[in-house]
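[1] Make a model of this:
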Amino acid sequence: MPEGQVWRTGEASPTYLDSPETPERMYHEYPDMKLIVLLRNPISRAISHYYHWVRLKKESRPLDIALTEQLAEIPDWDDVISIRNHYIARGCYVKFLEKWLRFFPREQMLVIPSERFQDHPSDIVQTVHSFLKIPPKPLENLEYYNVGEYHVENPSLKSQLQDFYAPYTQDLETLLGQSFPWTTP
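    Next up, the predicted model:
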């Protein structure tokens, strides 16, 4: 790169968030990097994860049974394999972001609810540009990939999931000092 040029790059992966070793490793390599975290409603995330595994033929239990069994058995938060395979636990975002915030200051982290991005993509892209201190550029040709629409048909299960995630989301809002759209009734 020519002298005086600024080097910028980015990378995305949903598996970094819940990896117990990744925050420290990244901090040691890139202590000044900025982090952008896109969080989805944890109930929607769990259901989508379930159907993704069904498509991959890694899951054969019905949705209600799979989620109910996982609600009863939350894995060790430091066991990366157990967490990766757990539809429910991966939506307990506060457990993972606490680790990231031990290394990276809050000012280096932009946390965006995916619902806000879906509802206002141009505004969120401008927020990202501002956060990264790069010139604003209009959003053009927005395309969504891997879009699926899934719902919990069982009202009892939906209520159990809402009750389960409520304290985690409340702790997340306190930790980050921001609210999330899935917490409003």
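
[2] Please point out which parts of the helix-or-strand element of the chain with minimal mean pLDDT sit buried.
    One helix or strand of the chain scores below all others by mean pLDDT, DSSP states H and E: helix 80-84, with a mean of 85. Within helix 80-84, the residues scored as buried using 16 or more other C-beta atoms under 10 Å are 80, 83. Every residue, glycine included, has its C-beta placed from N, CA and C.

[3] Just the residues contacting that helix, thanks.
    Helix 80-84 is touched from outside by 15, 18-21, 75-77, 89-90, with contacts defined as C-beta atoms under 8 Å, 6 or more residues apart in numbering.

[4] any idea how far the spatially most central residue of the chain is from Glu107?
    Taking C-alpha atoms, centre = their mean as the criterion, Leu39 is the residue nearest the geometric centre of the chain, at 3.4 Å. Distance, Leu39 to Glu107, by C-beta to C-beta, to the nearest Å: 18 Å.

[5] one step back: so who does the residue nearest to the centre of the chain touch?
    93, 111-114, 180.

[6] mind giving me a markdown table with those residues and columns for neighbour count and distance to Lys137?
    Formatted as a markdown table, the contacts of Leu39 follow (neighbours: other C-beta atoms under 10 Å; distance: C-beta to C-beta, whole Å):
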| residue | neighbour count | distance to Lys137 |
| --- | --- | --- |
| Tyr93 | 24 | 29 |
| Val111 | 19 | 22 |
| Ile112 | 16 | 17 |
| Pro113 | 20 | 22 |
| Ser114 | 17 | 21 |
| Phe180 | 21 | 27 |
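
[7] Looking at those residues, which gets the smallest pLDDT?
    Model confidence across these bottoms out at Ser114, which has 92.

[8] is it true that that residue touches Pro42?
    No: in terms of C-beta atoms under 8 Å, Ser114 does not count as a neighbour of Pro42; the distance is 11.0 Å.

[9] where in this structure is pLDDT low?
    Filtered on pLDDT under 70, the chain yields the residue ranges 1-2, 5, 7, 183-185.

[10] For it, which segments are assigned as strands?
    Chain-ordered strands for the chain, with DSSP state E as the definition, fall at 35-39, 109-113.

[11] Out of the ones you listed, the one nearest Phe131 is which?
    Distance to Phe131, taken as C-beta to C-beta, is lowest for strand 109-113 among the strands of the chain, at 4.5 Å.
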